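Novice: Here you go, sequence then predicted model.
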Amino acid sequence: MAADSSQKWILMTTAQTPTNIAVIKYWGKRDEGLILAVNDSISVTLDPQHLCTTTTVAVSPMFQSDRMWLNGKEISLSGGRYQNCLREIRSRASKIEDEKKGIKITKKDWEKLHVHIASYNNFPTAAGLASSAAGFACLGNILLFSIFLFFFLAKLMNVQEDQGKLSAIARQGSGSACRSLYGGFVKWVMGNEENGSDSIAVQLQDEKHWDELVIIIAVVSSRQKETSSTSGMRDSVETSLLLQHRAKEVVPKRIIEMEEAIKNHDFPSFARLTCADSNQFHAVCLDTSPPIFYMNDTSHRIISCVEKWNRSEGTPQVAYTFDAGPNAVLIARDRKVAANLLQRLLYYFPPHSDTDLNSYVIGDKSILGDVGVEEMKDVEALPPPPETKDQIPAQKQRGAVSYFICTRPGKGPVLLSDESQALLNPESGLPKIVWKLDAEGVEGKWRVTAPTSQSKRRDDWNSVIQIIAYANSPFI
């Protein structure tokens, strides 16, 4: 029997899930338990090559409980959301037979088998790039937890459900999660049924539909936000009259207009709607009691730069949007505009002189070549943007931006066939990545490799630990 703890097999799967950024925001729930939104929302999935979570999910009769590690740190799975998610996915699991490994799991066995989950984000956690705790939440990124939990466990447990139905389950972990089960442009339909059965994600267009778009993210802060998305939404629903007006009167019309803009590659309309909805979302936050402040002075400065440039051109070149945090997501109409955008950003927000340019602009670094920047001296030599001509150039804010990520619309979750990319040890089911403090108390990420047969004792693990990064690395 598969659930017999005397058996030593471990079944694993590894995949990458993308994050998404909403261009028509989800803010507020009409049902906290089922995670049912007060309005529809639309997002663009970001290229997982540049922004993603890599996750390994394992199941074994040897495991004594469900366990999860995010970026090497174990987090509790005792919360109601997590347990609801696990219960839903287990109820849909199908039988599995792997003759090569001698594994046979019946549908009933899944009720007794525990899972181990290890997940690693290549972007800042809890900073509000794709909110919902945007994917960046306390207790570990509930959004991406939901995405990988349902995508990976559905694959691991041979769940026979279509993506739409899976998105309805993923929604119960975090609303925004359902939108990342697809690539390209995705709509989360709020639905009308009390049980939430019609509150699902649907793909409007795939990632190739509007592939000339380029996205630059200005990471203003990777610190955890003071007000979580969950508590912020609750306060807004209870106290903001603007939220009620937005959900009933404004968003329904914007959804229709945004779908048309995406379908027709109408960038002026797309930019107008994206910027307006972002601004209104933050207006709702200010209309909340007590008021919520997600953006900061640098965020406002970025908006001012984009608005001034767009006005000088007579038509929008760039759209901006901010989730529940200070980080700016800037969407350029094409690569040429993206190069001009990055040039402006580097001019207004240059790094400190000792900064490595390769860590200041990450993701698709080829755009730097379009800008004509190869090293720090090129950044210092950048001329002021034309729209500042005959005016006093705005003061530069050196170091105000931590780094920039250049990316584009991308595909949905993908399975990884390379077993070496697994985050869990195939023999123990425990993470290959752990977190330690160095001699100065700096937290860092270490990779642990499996010990040899001559080095099985716990004390011998120190001999096989290697530092591979520090927590303040821009890639973490």
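Specialist: Arrived safely.
Novice: which regions of the stretch 301-450 of the chain sit below the pLDDT cut-off?
Specialist: Residue ranges of the stretch 301-450 of the chain with pLDDT under 70: 389-394, 433-450.
Novice: can you pull out the strands in it?
Specialist: 318-321, 328-332, 361-363, 403-407, 414-415, 433-437, 443-448 (DSSP state E, counting those that start in this stretch).
Novice: Show me what the shortest one is packed up against.
Specialist: What that stands for is strand 414-415. strand 11-18 (3 or more Cβ pairs under 8 Å, 6 or more residues apart in numbering; DSSP states H and E). (Each C-beta comes from the backbone N, C-alpha and C, glycine too.)
Novice: what lines up beside the next helix or strand after the strand it packs on in the sheet?
Specialist: The helix or strand immediately downstream of strand 11-18 is strand 20-24, counting by DSSP states H and E. Using DSSP bridges, strand 20-24 pairs in its sheet with strand 41-45 (antiparallel).
Novice: how far off strand 11-18 does the partner strand point, in degrees?
Specialist: Angle, strand 41-45 to strand 11-18, by axes from the mean of the first three to the mean of the last three Cα atoms, to 10 degrees: 110 degrees.
Novice: Next, the angle from strand 41-45 to strand 328-332.
Specialist: Using the same axes, to 10 degrees: strand 41-45 against strand 328-332 is 80 degrees.
Novice: For strand 41-45, list the C-alpha coordinates in CSV.
Specialist: What follows is strand 41-45, C-alpha atoms only, in CSV (Å, rounded to 0.1, in the frame of the first residue of the first chain):
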residue,chain,number,x,y,z
SER,A,41,-9.5,42.2,-12.7
ILE,A,42,-7.1,41.8,-15.6
SER,A,43,-3.3,41.1,-15.5
VAL,A,44,-0.3,40.4,-17.6
THR,A,45,1.8,37.4,-16.8
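Novice: and that strand, how far out from the chain's middle?
Specialist: 12 Å (Cα atoms, centre = their mean, to the nearest Å).
Novice: Mind listing residues that contact it?
Specialist: Strand 41-45 is contacted from outside by 18-26, 130, 176, 179-180, 182-188, 204, 207, 213, 215, 255, 258-259, 262, 331, 409-412, using Cβ atoms under 8 Å, 6 or more residues apart in numbering.
Novice: That strand - what's its average pLDDT?
Specialist: Average pLDDT, strand 41-45: 96.
Novice: what about Pro268, which SS state?
Specialist: helix (DSSP: H, G, I helix; E, B strand; the rest coil).
Novice: Give me the pLDDT value at it.
Specialist: 98.
Novice: residues near the residue lying closest to it once chain neighbours are set aside, how many?
Specialist: Sequence neighbours aside, Pro316 is the residue nearest to Pro268 in space, at 5.2 Å (criterion: Cβ to Cβ, 6 or more residues apart in numbering). Residues lying near Pro316 (other Cβ atoms under 10 Å) number 22.
Novice: What count of nearby residues applies to Thr106?
Specialist: 15.
Novice: cool, and Ile200?
Specialist: With other Cβ under 10 Å as criterion, Ile200 counts 23.
Novice: Equivalent analysis for Ser76, please.
Specialist: 11.
Novice: same question, Ser91
Specialist: Around Ser91 there are 12 residues (other Cβ under 10 Å).
Novice: And Ser428, by the same measure?
Specialist: Neighbours around Ser428, by other Cβ under 10 Å: 14.
Novice: Repeat that for Asp364.
Specialist: For Asp364, using other Cβ under 10 Å, the count is 19.
Novice: what's the closest non-adjacent residue to it?
Specialist: Cys406 (4.2 Å).
Novice: In which helix or strand does Ser65 reside?
Specialist: Counting by DSSP H and E, Ser65 is part of no helix or strand.
Novice: which one is it nearest to, not counting chain neighbours?
Specialist: Leaving out its chain neighbours, Ser65 is closest to His114 (Cβ to Cβ, 6+ apart), at 5.5 Å.
Novice: Could you give the bridge partners of that neighbour?
Specialist: Ser60.
Novice: now do Ile96
Specialist: Ile105.
Novice: how many neighbours does it have?
Specialist: 18.
Novice: do Gly28 as well
Specialist: Gly28 has 22 nearby residues by other Cβ under 10 Å.
Novice: ok, now which ones touch the closest residue to it other than its chain neighbours?
Specialist: The shortest distance from Gly28 to any non-neighbouring residue, by Cβ to Cβ, 6+ apart, is to Val38 (4.1 Å). Contact analysis of Val38 by Cβ under 8 Å, 6+ apart lists 27-30, 190, 237, 243, 247.
Novice: now, which of those residues sits nearest Thr56?
Specialist: Lys29 (30.8 Å; Cβ to Cβ).
Novice: Good, wrapping up.
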